[in-house]
Structure formats: C-alpha cells, structure tokens
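In: Just need the structure, nothing else, for what follows:
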Amino acid sequence: MKVLLVAVNAKYIHSNLAVYSLKAYAEKYGKNEYEIKIKEYTINQYTEEIVADIYEEQADVIGFSCYIWNIQQVMEAINDLKSVCPKKDIWVGGPEVSYNAVQILSDNTNIDYVMCGEGEEIFKQFLDNYHEGKLQSKDIDGLVYREDGQIKVNPMMEPVEISNIPFVYKDMKDFENKIIYYETSRGCPFSCSYCLSSIDKKIRFRNLDLVKKELQFFIHNKTAQVKFVDRTFNCNPKHAMEIWKYIKDNDNGITNFHFEIAADLMTEEELNLISGMRPGLIQLEIGVQSANERTLQAIHRKTDIQEIEKITGRIRQNKNIHQHLDLIAGLPYEHYWSFRNSFNKVYAMKPNQLQLGFLKVLYGAGISEEAKEHGIVFSNRPPYEVLKTKWLTFDEVLRLKEIETVVEIYYNSLQFSETIKRLEEYFNSPFDMYERLGRYYKKCSVGGVKHSRENRYVLLLNFIMEELNPTEEDSFSWKELLTLDFYLRENAKKRPVFAKSLEDYKQNIHKIYCHLELKQKLNGYVNYSSRQIEHMTHIEILKGKYILFDYKNRNALTKAAETVDVTTYLQL
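Out: Alright, predicted model coming up:
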C-alpha cells in the first residue's frame, strides 16, 4: 500500500515537520508494511500543477497537512483529485481542521476523514487498520468520519510521549536551503486566548540525552539555522539551561538556533549563560503583544512589561543576540492610541526586528468564543484576520496596515538603520514617524506598484525632503546617510542616483588599495592582491573621510559590512 503525505508550505524555504514526524513514527511503530512518501509544495505553485503531481504518484491513501495559509488551496486540490480518482481515501489533519472537524466534513464531501490533534499515534493506528482499500476499524481516538450519513466524532487521542517520536532528519541534502524545524517540548503553560497552543496544558519535554544527540547532528552537519518550535522554550529553566549550555559548549561557529521565549521568565543563570555566547549563535523571539494591562488581562496573558523591558535591555547590552519582538493589533481594549503606546514601548526596547501582526480569530482558540462580546469582526476567509473591534475601526486597521508595511521595509530589513535612527529625532514618537511614512509610501504605490531596493531609498529620501524641507547642506547630509546605509548592506555595482560622484576620487581610492599596509589592517585579506581586495570591498567618501566597506566581515546580527576608516593611507 502506498501512502502519500502532502504539505503545502508558505514558502520554498519552509519544510513541514509534522508530515515527517508522522512518517517516522508510523514506520517505527506500525504493524503493517506500507510505503509512505512525502511531497512538499508551496502556495505559490498552481493548484493544477500540485494536483497533477499528486495524481501521478498513484497513492492508495492521501493525507493533507492543513494550516491557515494553505487551507483554501488544499481544499481546491482535494476537490480536483476526487473528481479524477473518486475511490481514493483522502484525509486531512493539522491545526486548521482539528477544532472544526464536523464543519470540515459537512462542507467538504470529498474529504473522508479528519485526524484531530497530535497526529502521530492516530496516523499509525489508521494505517494499522487500513486493509484492502478501506479502513477496517474506525475505533481510533482522534478520528472524525462519516458513517451511514452521519458524522461520527471519536474521543481525542491522548498526547504521545514526545521522546518516543523518532528524529526525522537523516540526510540533510534533502533539506538544502530550507529552514530546519525542531521541537523539544509540546504544550504551553499559558492561557492566551488568541493562541491554539494554550489548549494543550500538558507540557511534555523530550529526553535531554536524545536532544543533545540530535543537536550534535545539526552541529556536525553545519546546518545554517535550526528553528525550535517549542511554544515557550524557557518555561522549564532546567530544560532550557541544559540545551543552551550544550549549544554554547559545542558551537561550530556557523549554526544559528532560534527560540520562542517568555522574556519575563528569564533567570539570572540563563542571562549569564547566554551573555557569553558567540554573536549570532542564538536568536530570541519574544511575544509582547500589547503593553495595555487591561488588554493583557482580557486575553489571559500573564506578562510583566517592565520585566520584559529590563530583560531585553540586558540582552541587548551584550550585542550578541538577535531579538525579535511581536505585537498584535486588534486585541480587546486596544484602541488606536493605546496601540500607539504599545508600539512605542516595544520600539523603545530596540529589537532587531519588530513584527506588527494582526489578530487572527482561529478555530479552537478562546478568542473565537469571545469575539462577539468584544465586537471583534473578522474575515470568514483564512487567516480569519480582524477587520474591526469595539475599540478599533476598519479605517484604523487600514492605517495600521500601512505602518506594518513600512516597519517591515524600513526597520526590519535593517537596510536603513542609520537613516531611520536620525529621522526618529524629527517626530514626536516612532509610531508617528511610521504613520506618516506609511501614508506617503501608500501614496507612492498606487496601483500596486512594487518598488525596487534602490527605489525604496529614493522614496525615503523624497519623504524626508517633503516632510522636513531641509537646507541644501542638510539635504547633502541625508544623502550621505542613505549612501552609508546602501553600501553597508551590499557591494552594489550600480551606483544609487542619490550618491555623489566618485569620479574625482578614483585616483585616491586606487592609491589606498595599492598601499601595502592595507591588507595587514583588514581581517582575512593577507593572501589577496590589491585588485582582488578592491573587487571584494568598496570605498566611499563620507564626511570627508575615505570609508572602506568590508563585506567579508559582517556584523553577526545586522549583517552590515564592517567599516574601516582608511583616510590615513593617503598621507603614508
């Protein structure tokens, strides 16, 4: 029997840990012999292309992993598949179908089964009971199915022992250029009403001896990034410390590990440990969501904002860990100006990235039952995003969308850091600056115009000219600042239109590159010729100084080129 597991990912760089776990678990513990194959696609592929590829596999049973980003496309694919092979059994699983399984089967007659909750044991039992082209026994916990025209709902399956799930990674060539996902715990101690993780209160941790062995696999293979999917990685300090200590002690100088944590749970011991890590070894994602105390109470989120400010500040001082902070717009009791305050508070924590997200009213999450009470109106299409609330109008949601766009472009990209840092000084608050910039960017993007990287610099310069009306001297200063930002990121061959001409400086620049002492000053260039160094780096004249941009040596957190003042080589 051939079984096909299908994942439709949001991007090519993503992989689906769930389907790999199902396959590994069933192959280890299953009773029957069957071939299990995984096919991964992206939402950017044509549905027709996906359907054709699945059809050609000629599988006996087909299972789809369902999420908010792929559910519509998955349903379209299922309908087409059933049209051409009506006798094949099709089942779905995943968070997007686990909490509305009856509705899924009622609305989609082409789906035969829904597997609810954690799927490893359900999938294994499903295959154990599947013979001669059909499921012989449907007495499987977690299964929802049709029988005699009725939809039957079995009790939920007990959570599996996470240490019993086999390690899914064997040959890393299968995951080249993809983000690697890994989990060492399931469940969450918190009860945030907007989050599905809060449903599972039984926190289970993977055996640490297993974890260390698996981490060593990533380290040995020099995996670029391992993203932990643990919902609150540091909810158990002993567990977190063991893993962080192992990662620190076995650092290969390449692999980066990403964790979602609660900053206000960080212990002194944890802070001291991570303070000594190599820059870029780990990165932390911290969900703040709101600074409004009434809002935090309403969503049952136990967060100490002052403690988060203190902890993120301490982490930032060491300049070795990338911090990603999250905010959610559209929560109860958060009106536009309250959100402005939340934004400014989080922005003041100076995260490397600030994600401005919007509430999604997910099936199964507590907020879905409270939506009417809070006047939360949301789209009935995935991802079920908020449209308005008692406190936030649709007009205001649209304004926040404009802000989200420019925060992503001008802050999170890290491509405009120096310019943005200075621009903040001219506005009452960062929120006000991004609000004005967002409005301007929208005005310049009528008709869905997409701006190139260079055009985004030009657009920011035009915004500055229009908003600040600077003197000629200040205008020159702003252009230099943008030029600095431009070359910090990329050794661009095409010069941006706002940068001054280097024609009169070429002789001096060539003289600097030919200086024998230059390669001694630079890190890692001893064996390169002056011509090679000139090709690999860039020299710009800023504020009367010759600044060399070294792209071989970049900041581990910002990826900005290292800069070296080489003006003195003209006098030597």
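In: and the helix or strand encompassing R439, which residues are buried?
Out: Per DSSP states H and E: R439 is located in helix 430-443. Buried residues in helix 430-443, counted by 16 or more other C-beta atoms under 10 Å: 430-431, 433-438, 440-441. Quick note: C-beta positions are derived from backbone N, CA and C, even for glycine.
In: just stretch 255-266 next, same as before
Out: Using 16+ other C-beta under 10 Å as the test for burial, stretch 255-266 gives 255-266.
In: mind putting the residues you listed in a markdown table, secondary structure included?
Out: Below are these laid out as a markdown table (DSSP: H, G, I helix; E, B strand; the rest coil):
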| residue | secondary structure |
| --- | --- |
| T255 | coil |
| N256 | strand |
| F257 | strand |
| H258 | strand |
| F259 | strand |
| E260 | strand |
| I261 | strand |
| A262 | coil |
| A263 | helix |
| D264 | helix |
| L265 | helix |
| M266 | coil |
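In: Where does the prediction get shaky in this protein?
Out: Residues of the chain meeting the criterion pLDDT under 70: 198, 200-201, 572.
In: Quickly run through the sheet partners of the strand ranked longest in it, with directions.
Out: Secondary structure of the chain per DSSP state E: the longest strand is strand 545-554. Paired neighbours of strand 545-554 in the sheet (DSSP bridges): strand 537-542 (antiparallel), strand 561-565 (antiparallel).
In: what's near enough to touch F228?
Out: Contacts for F228 (C-beta atoms under 8 Å, 6 or more residues apart in numbering) come out as 181-184, 257-260.
In: hang on, I274 in a strand?
Out: No. Counting by three-state DSSP, I274 is not part of a strand but helix.
In: Can you report how many residues lie near it?
Out: 24 (other C-beta atoms under 10 Å).
In: so how far is C235 from it?
Out: Per C-beta to C-beta, to the nearest Å, I274 is found 16 Å from C235.
In: Over to Y487?
Out: From Y487 to C235 the distance is 43 Å (C-beta to C-beta).
In: Same drill for the two, tell me which one is more crowded.
Out: Neighbour count, other C-beta under 10 Å: between Y487 and C235, Y487 has more, with 24 against 19.
In: Remind me which helix or strand the more buried one belongs to.
Out: Taking DSSP H and E as the criterion, Y487 maps to helix 472-489.
In: name the helices or strands packed onto that helix?
Out: helix 417-423, helix 453-468, strand 537-542, strand 545-554, strand 561-565 (3 or more C-beta pairs under 8 Å, 6 or more residues apart in numbering; DSSP states H and E).
In: Can you check what angle separates the second one from helix 472-489?
Out: Looking back up the chat, that one is helix 453-468. 150 degrees (axes from the mean of the first three to the mean of the last three C-alpha atoms, to 10 degrees).
In: List of residues touching helix 453-468?
Out: By C-beta under 8 Å, 6+ apart, the list of residues contacting helix 453-468 reads 409-410, 415-416, 419, 423, 426, 436-437, 440-441, 444, 451, 470, 474-475, 478-479, 482, 485-486, 494, 496-498.
In: repeat that for 6 Å
Out: Applying C-beta atoms under 6 Å, 6 or more residues apart in numbering, the external contacts of helix 453-468 come out as 426, 437, 440, 444, 478, 482, 486, 496, 498.
In: does the last one count as helix, strand or coil?
Out: Counting by three-state DSSP, the backbone at F498 sits in coil.
In: Chain neighbours aside, what residue packs nearest to it?
Out: With C-beta to C-beta, 6 or more residues apart in numbering as the criterion, F498 has its nearest non-adjacent residue at 4.7 Å, and that residue is K479.
In: returning to what we had before: residues of the next helix or strand after the helix holding Y487 that come out buried?
Out: Where DSSP H and E defines the elements, the next helix or strand beyond helix 472-489 is helix 506-514. Within helix 506-514, the residues scored as buried using 16+ other C-beta under 10 Å are 508-509, 512-513.
In: and if you look at stretch 477-487?
Out: Buried, per 16+ other C-beta under 10 Å, within stretch 477-487: 478-487.
In: Not counting it itself, show me its contacts.
Out: 416, 418-419, 457, 461, 464, 496, 498-499, 538, 540, 542, 549.
In: Make JSON lines from the residues you listed and add distance to T389 and neighbour count to it.
Out: Below are the contacts of stretch 477-487 laid out as JSON lines (distance: C-beta to C-beta, whole Å; neighbours: other C-beta atoms under 10 Å):
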{"residue": "F416", "distance to T389": "32", "neighbour count": "21"}
{"residue": "E418", "distance to T389": "37", "neighbour count": "15"}
{"residue": "T419", "distance to T389": "35", "neighbour count": "23"}
{"residue": "Y457", "distance to T389": "36", "neighbour count": "24"}
{"residue": "L461", "distance to T389": "37", "neighbour count": "19"}
{"residue": "I464", "distance to T389": "34", "neighbour count": "22"}
{"residue": "P496", "distance to T389": "42", "neighbour count": "17"}
{"residue": "F498", "distance to T389": "42", "neighbour count": "18"}
{"residue": "A499", "distance to T389": "46", "neighbour count": "18"}
{"residue": "H538", "distance to T389": "49", "neighbour count": "20"}
{"residue": "E540", "distance to T389": "48", "neighbour count": "22"}
{"residue": "L542", "distance to T389": "47", "neighbour count": "16"}
{"residue": "F549", "distance to T389": "47", "neighbour count": "22"}
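In: ok, these vs Y384, which is closest?
Out: Using C-beta to C-beta, F416 comes nearest to Y384 of the contacts of stretch 477-487, at 32.6 Å.
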